[in-house]
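# Sharing a model prediction with you, sequence too.
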Amino acid sequence: MSGHVAAMRSIIEANTAGGERRTTQVFQDFCALAAFEIRAAVDRASADRCRDHYLTIADGYTTAEIEHFGQALTHLVQELDRKLSDVLGELYMTLELGNQRVGQYFTPYDASLLSASVIVADMTRTLDELDFVTVYEPTCGAGGMIIATADLLGRSDVNYQKAIHVTARDLELTAVHMTYIQLTLLHIPALVIHGDTLTLDQFDVWPTPAHVLDGWNRRLCSRG
């Protein structure tokens, strides 16, 4: 466990207020606050709704605890700057929140790298002919497979921030928030869908800042 992940764990545990709040709830609230704050800044249509959700969650914490969440987000930024990895997935498992029985388990990043290596070679060959490729992740979790794919592309001297567009989906809202936050911080253009892969029910779509600011709606439409 890196120093940044350890610091994030300590902050989440401290914000349980000595056990008055469940660790699961504090982690979920941390992810939701960060995700709503980011989305309110770039998604005009949803800005008011995001701010309302943010304030509702924040109202349950003291000013000092909200500041602690900000410090945790800073550690996340610094860890992703240090190296690409599924930091929030690792934090989730480090907090012992995983539950394999109900599928709440995040794959170790080394295993995600191994899985991603199978497709990245084909992607790099495709990128010799196309200016970008689309990536679909039907059960994104915290975005570990997407991050691993970006990591391996970067190691092959491919600018993943320009060369891929991601559509990610998960039924668990916290997983949507985790993926949205990490892809945002890595400036990966993506639409993160809160929805059911099996039934195709769709509850919400979270466009990352890179998707919005880099004009990906236009680029995707031009591809057809």
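That came in fine, so what should we check first?

# Give the residue spans of the protein that score low on pLDDT.
Along the chain, the parts satisfying pLDDT under 70 run over 99-105, 224.

# residue ranges of the helices in it, please?
For the chain, the helices defined by DSSP state H occupy 3-14, 23-42, 47-58, 63-82, 87-94, 109-126, 144-155, 160-163, 173-185, 209-213, 216-223.

# Tabulate the ones you listed (JSON lines), appending mean neighbour count and distance to Leu198.
Where you see a C-beta, it was placed from the backbone N, CA and C, and this is true even at glycine. Formatted as JSON lines, the helices of the chain follow (neighbours: other Cβ atoms under 10 Å; distance: least, Cβ to Cβ, whole Å):
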{"stretch": "helix 3-14", "mean neighbour count": "18", "distance to Leu198": "31"}
{"stretch": "helix 23-42", "mean neighbour count": "21", "distance to Leu198": "23"}
{"stretch": "helix 47-58", "mean neighbour count": "15", "distance to Leu198": "27"}
{"stretch": "helix 63-82", "mean neighbour count": "16", "distance to Leu198": "31"}
{"stretch": "helix 87-94", "mean neighbour count": "24", "distance to Leu198": "22"}
{"stretch": "helix 109-126", "mean neighbour count": "15", "distance to Leu198": "21"}
{"stretch": "helix 144-155", "mean neighbour count": "23", "distance to Leu198": "19"}
{"stretch": "helix 160-163", "mean neighbour count": "18", "distance to Leu198": "29"}
{"stretch": "helix 173-185", "mean neighbour count": "26", "distance to Leu198": "15"}
{"stretch": "helix 209-213", "mean neighbour count": "19", "distance to Leu198": "25"}
{"stretch": "helix 216-223", "mean neighbour count": "12", "distance to Leu198": "24"}
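
# partners of Asp170 in the sheet?
Beta-bridge partners for Asp170, by DSSP bridges, are His194.

# Done for today, thanks.
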